[in-house]
Every structure is written in structure tokens, then in C-alpha cells.
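Asks: return atomic coordinates for the entry below.
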Amino acid sequence: MAAKIYDVCIVGSGAAGGTLAAHLAQRGVDVAIVEGGPRVNTRTAFNTHGMPFDFPNRHIPTMRPGVEGFDSERSRGVGGKTMLWNAVAWRLSHRDFNGRSIDGVGEDWPIDYPDLAPYYDRIEREVGVCGNRDHLEDLPDGIFLPPAPMKLSDLLVKRGAERLGIKVIHVRKATLTIPAPTRPACHYCGNCMAGCDVAAKYNSYDVHMAPALKTGRLNILSNSIVREVMVSAENRATGVRFFDRHTMKEGEVRGRCVVVSCACVQSVALLLMSRTRLYPDGLANSSGQLGKNFIPHFTGGVEAFLTDLIGKPAVNDEGFLDHAYVPSFMHTHKRDYARSFAMQFNYQNRRSVGWAREIRGFGRTYKDAVKVRYPAFLVFSPYGEMLPNNESYVDLDWNRTDEFGMPEARRKVAWGENDKKLFAEMQNWSVEILKSAGAEILNIYEQPATNHELGGCRMGSDPRRSVVNADCRSHDVPNLYVVDGSVFPSASEKNPTLTIMALAARTADGISRRLQTKEM
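Replies: From the prediction side, this is the model:
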């Protein structure tokens, strides 16, 4: 008996795959999601409310005892990283889509803000994004729920920043501040990146895929690790080959269209593994650009104590981690570098008091010094936009395999001169804002660290310089799509997930149209 051929086969179930699948299924498209991890019950799987003193060595495990998931990049769980993200949700602006045209460096997108704006609207309505309409040119307003109130520490920082002419705004997050018919409002337990046991914070399973399952048009194959995208002799994607993560038994899922949405590095890795006679250097890689132009965000960090809070009583004010934000402001300043940065702060909660190692003292004196500073600790984490360079890329190490026998993905990151200048500047401004807020500086990070992974499967109009087109469709294989952060031509300094979801919704419209007109 012939195996079912789905309209669309999607690899990955995170922000991109889950959104795309739901939008397609609601349009009557038959969809299969192939996900390497298990199904995860957000209500019972995570140690969301765990405290360090409940566990040996003060380490809080991600999963509760006996629960599978999130133990490797290839086997996280249904819902992907949306289960454990911080939910910060920004729109990109015209400046972000046109970096090369405006600043003469980086890469322009083949689409602009008006192309994505209606999809930002659609996603914000579906997932619920809290925030304030701030009327900033570089940070477009959206459709918002009421913002979460700023905490006392936020107001102290805001006062200090205003003295320098810098704006501090309410953070925008895909977290409910008022209840929805199927989701309660956030109860501010302060541990968002350890799951959300009521789904007040968006995750792609509870909000997008679970309702889509009721259509009968969506099938989720969990614990199924994809090792190859299959391509016919006629240069068409026909489906994927996978193996069961427990039994290692192999299987196939066939589709008229294949979408790779594994999350940046793993999407690149899957395409690199899917070598064929036509594509010996990786599927859809006639340009040689697959894996190139890797542009993760880089972060700095300044740890400090707000002196106005030293010695004050400790209170439960962690909220949903960060409630305020310093948006990009350097694009209006004269400077000797391109692009910009923004700042998240106060979002490293007090469940882990690693900063206590930096406090001098011994015995009772030491304990008192930690206790008195406990309510006052603050972390500034500025995010900078990395520019693409030839030394930063993703490839495969065919000599090193993971637990499943698959080659490991390698990340190569080299900081360019612009990145170094930007890093120094965002660290300096972080210190200046904190000092203006009356802070006692504890630690200034000396080196950048990578964060949100982007690039490696660049979107563009020129097939010689990019991997997919403006519709996220492969230049080489007409029914192969890639939808996640890997397609970003430039990174911006803004958290990327809302844009990934908007791209997924836009791609769903394009795929639906092509299926209806039998172009697929």
C-alpha cells in the first residue's frame, strides 16, 4: 500500500515550523511535522517553580525526573525552543531591512517592512504580545496587550538613562498580561526560560499546533530525527528520511513540498548532510553560500548593584524577568562604526546568585555583604548586530559524530573590526547608564558572547549570493523552503523570533497559493 503523500512536510516544530504548520492546516492543507524530540506537557514537564535549595549542588534541571526532552540540539521536544525562550517580541524596522543601503555595510533583505507588517499584525493577534506604543521610528509599534508594569529597579535605571537623553521603554513579550479564552495571564513567577506551566507565555505547541490538530489536517511525528531531505532525479524535494530516536528504526515522510525549519544551525546542518549527485556540497547549495554569512547576535554584560536598593528588604519582584528595555538609539549619533545595539536588563533572576563569588569577605561579614546587596543586583545585557564576514560560518565535522552517529555542526565565529567597536561602545553606554542610575559596578564582561543564531541560509534576490528567495523558497529546488533564523540576511540588534513567526505566516500564504494553482 502506497505511503501517504502530504501536501507539506515540515522539519521542526518551533516558532517557524509550528506557526507554518498551523497556518497551513487551517487553510485545509495536509501537513506533517517531523520533530526529533518527544511531546512535552508544559504543565508537568519542567521545573518552572523549582528553587536551588531543592536540588543537589543547587542546580535546577530543565526537565523533571523521568521526563524526556531538550537534551540535545537534535532532540529538544515538540514546540522547540519556544518552550524555553524569554518571549521578547520586537518588530524589525525599515532600517533593519535595508542596512546596506543605509549604512553601506551588511546586506539588504529582498523584502521591506511593509511586506511583513500585515504578518506581524496577524501573529501578534494570535499569540498575544504585551507592550506599549512608543512611536519610535526604529521600533515599529504593533497590536499590544497592556504592558507589564516596570519594577522599581527599572524605574531607577529609567531615571538614570533620561539624564543622558536615552529612552527606556516597556519590554514587549509574547506573554499574556490579561487572560485569553484558552490561556491565563502571567502570574509572574520569574522563571520564564524554564518553561511556563500555564502557557501564559507563548509556545508553538499550545498556541498554534494544538488547535491545528483539531482540523484533522496536521500530523506530528515526534521522536523522529531527520537525517536527509530526499530529492528526485527531476530535482524536486520528495520528503525526508528519519530515524526513531529510541529504536533507531528508519522511516520516510513524503510530501509535495518540504520545509526545513530546524532552527538556524541545525537547518544548515541538515541541508549540508543532504548531499546528492546534483548537490555534492549540500542540498540547494549551487551558490556555495550554504553555511556562510553566519551572523549570531553578540552580547555584552555589566553586573552592578543599584545603590538605592542596597540594604532594602528582599521582595518578590522578579516578575517575568525583564520588564523594561533600552531600544536602539545610536543610529542618530555620529560614530565610526555601522549599525547599532539595544539593551535588555534585569532579566537574570536571583535563583542563581553567581555574583556572590565576586563579593569579598569571610564568614558572617561575607554573608552580610551578600545579603545586603541581594535586592540590588542588576545585569545589563546589550545586544549588538554582527556584520557578515568570510570567517564566520557553519559547517559539519564529518570526523566527529553525536550520539546518533550524525556529523556535528560546527560554528565558526570571527569578530570583525566593526563588531569590536560596537561591542566596546555598547559596554561603555551600559556603564554610563548604570552610573547615572547610581549603580556600583561589580563586573564588566571583556569579550562578546554569541546569542540568537542567525544566517547561514541567506535570503536574497541573486541566486549566486543567496540560498533562498524572498519567499523563503530555494533558488535551486523549486518545492524546497527554509523558514527560520537561518534565512536572515542581516541580524538587526532585535530579538528575532517575532520576525521568524511573521516569515512563517507569509510563507504559509505563498505555499497555499502554489498548492491551489498546482505550481508545487
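Asks: every contact and neighbour count from this point should use C-alpha atoms.
Replies: Will do.
Asks: residue 377 - nearest residue in space that isn't next to it in sequence?
Replies: Nearest residue to residue 377 in three dimensions, chain neighbours excluded: residue 305, at 4.5 Å (Cα to Cα, 6 or more residues apart in numbering).
Asks: helix, strand or coil for the one you found?
Replies: strand (DSSP: H, G, I helix; E, B strand; the rest coil).
Asks: what's opposite it in the beta bridge?
Replies: residue 377, residue 440 (DSSP bridges).
Asks: now do the contacts for it.
Replies: 373, 376, 377, 378, 439, 440, 441, 442 (Cα atoms under 8 Å, 6 or more residues apart in numbering).
Asks: can you count the residues close to residue 141?
Replies: 18 (other Cα atoms under 10 Å).
Asks: doesn't residue 133 make contact with it?
Replies: Yes - here residue 141 lies in contact with residue 133, judged by Cα atoms under 8 Å, at a distance of 5.3 Å.
Asks: beyond the longest strand anywhere in the chain, next helix or strand please.
Replies: Using DSSP state E to define each element, the chain has its longest strand at strand 250-260. Next helix or strand after strand 250-260 toward the C-terminus (DSSP states H and E): helix 264-273.
Asks: alpha carbons of that following helix, as CSV, please.
Replies: Taking C-alpha atoms only, helix 264-273 is exported to CSV below (Å, rounded to 0.1, in the frame of the first residue of the first chain):
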residue,chain,number,x,y,z
CYS,A,264,19.3,28.1,12.2
VAL,A,265,22.4,25.9,12.7
GLN,A,266,20.5,22.6,12.5
SER,A,267,18.7,23.6,9.3
VAL,A,268,22.1,24.4,7.7
ALA,A,269,23.4,21.1,9.0
LEU,A,270,20.5,19.1,7.6
LEU,A,271,21.0,20.7,4.1
LEU,A,272,24.7,20.1,4.3
MET,A,273,24.1,16.4,5.1
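Asks: off-centre distance for that helix?
Replies: 16 Å (Cα atoms, centre = their mean, to the nearest Å).
Asks: so what touches that helix?
Replies: Contacts for helix 264-273 (Cα under 8 Å, 6+ apart): 73-74, 226-229, 260-261, 281-284, 290-291, 394-396, 409, 411, 453-457, 482, 484-487.
Asks: again, but for stretch 67-84
Replies: Taking Cα under 8 Å, 6+ apart as the rule, stretch 67-84 contacts 12-15, 18, 35-40, 42, 45, 62-63, 192-196, 202-205, 222-223, 225, 245, 266.
Asks: and stretch 140-153, by the same measure?
Replies: 91-93, 120-121, 124-125, 128-135, 170-172, 176-178, 306, 317, 323-324, 346, 376.
Asks: that one: end-to-end distance?
Replies: Separation of the first and last residues of stretch 140-153 by Cα to Cα, to the nearest Å is 26 Å.
Asks: what's the answer for stretch 155-174, then?
Replies: Start-to-end, stretch 155-174 (Cα to Cα) is 22 Å.
Asks: quick one: buried residues of that stretch?
Replies: For stretch 155-174, a neighbour-count test (16 or more other Cα atoms under 10 Å) marks 156-161, 166-174 as buried.
Asks: circling back to that earlier point, weed out the non-buried ones from the contacts of helix 264-273.
Replies: 73-74, 226-229, 260-261, 281-284, 290-291, 394-396, 409, 453-457, 482, 484-487.
Asks: return the subset of those lying in strands.
Replies: 226, 227, 228, 229, 260, 394, 395, 396, 409, 482.
Asks: who are the neighbours in contact with the last one?
Replies: Listed by Cα under 8 Å, 6+ apart, the contact partners of residue 482 are 259, 260, 261, 267, 457, 468, 472, 473, 474.
Asks: report pLDDT for the closest residue to residue 389 other than its chain neighbours.
Replies: Take residue 389 and drop its neighbours on the chain: the residue closest to it by Cα to Cα, 6+ apart is residue 293, 6.3 Å away. We have a pLDDT of 97 for residue 293.
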